[in-house]
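Visitor: got a structure for you, letters missing:
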């Protein structure tokens, strides 16, 4: 199955540029684009891509907020932040909102392809410049979304997926997705290891 891609950006030159870089790439399918958050969410009601390339600066809602909305409603979608800005605070906020990667708009085709393949394998991708920025500001921290932290705390309390789903008013499938994402972020083999590491890092009490 090809990886289905969607882009959210309010500049047609960026959309066309990325499309032209990826249109001949094997194993990738272009689903389309949106120029603002509202049209993105409307599209997702009908069809969900595997990966969204998302501009941080959008005309109606910031990409950071849109990323959070997308991940809360469609947690299986992987989001890669796109920006001209290589700032630690923006990168951290985007990851905290649920993004799996961060690319600068000067990225090469090779970087784009590598980023899409990396996040599709449930790993986090930073462009070279973004990775350097994160390293300068201390080592990469484990950054959780608000929902991931809630799920983690309930897992630590010994709750089952069904109990967590009922408490948070979300589906069991969504809980399972959050659980998988937590295991990946903490590089943990099982739930015991996950909770132990989270306590050691003082992410939970």
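Guide: Arrived safely, thanks for sending. This structure is a prediction, so every number in the text was calculated from the model and none was measured.

Visitor: just give the nearest non-adjacent residue to residue 37, would you?
Guide: In space, residue 37 comes closest to residue 61 once its chain neighbours are excluded; the distance is 3.9 Å by C-beta to C-beta, 6 or more residues apart in numbering. For every residue, glycine as well, the C-beta is placed using N, CA and C.

Visitor: and that neighbour, that's in a helix?
Guide: No - judged by DSSP: H, G, I helix; E, B strand; the rest coil, residue 61 forms no part of a helix; its state is coil.

Visitor: separation between it and residue 10?
Guide: 11 Å (C-beta to C-beta, to the nearest Å).

Visitor: mind listing the shared neighbours of the two?
Guide: residue 36 (C-beta atoms under 8 Å, 6 or more residues apart in numbering).

Visitor: roughly how far is the helix or strand hosting residue 147 from the heart of the chain?
Guide: Here residue 147, judged by DSSP states H and E, is contained in helix 146-156. Relative to its chain's centre, helix 146-156 lies at 17 Å (C-alpha atoms, centre = their mean, to the nearest Å).

Visitor: just checking, what packs against that helix?
Guide: Applying 3 or more C-beta pairs under 8 Å, 6 or more residues apart in numbering; DSSP states H and E, we find helix 146-156 packed against helix 63-73, helix 161-168, helix 172-185, helix 191-200.

Visitor: can you check the pLDDT for the residue lying farthest from the centre of the chain?
Guide: Centroid-distance maximum for the chain: residue 158 at 26.6 Å, with C-alpha atoms, centre = their mean. Residue 158 is assigned a predicted lDDT (pLDDT) of 91.

Visitor: could you chop the protein up by domain?
Guide: Following automatic domain parsing, one gets these domains for the chain: 3-136, 146-200.

Visitor: hey, which of these is tucked in deepest?
Guide: domain 3-136 (a mean of 18; mean count of other C-beta atoms under 10 Å).

Visitor: tell me which helix or strand of this structure sits lowest on mean pLDDT?
Guide: Lowest mean confidence among the helices and strands of the chain (mean pLDDT, DSSP states H and E): helix 128-136, at a mean of 77.

Visitor: returning to that earlier point: name the residues that touch the helix holding residue 147?
Guide: 68, 71-72, 75, 98, 144, 163-164, 167-168, 175, 178-179, 181-182, 185, 191, 194-195, 198-199, 203-204.
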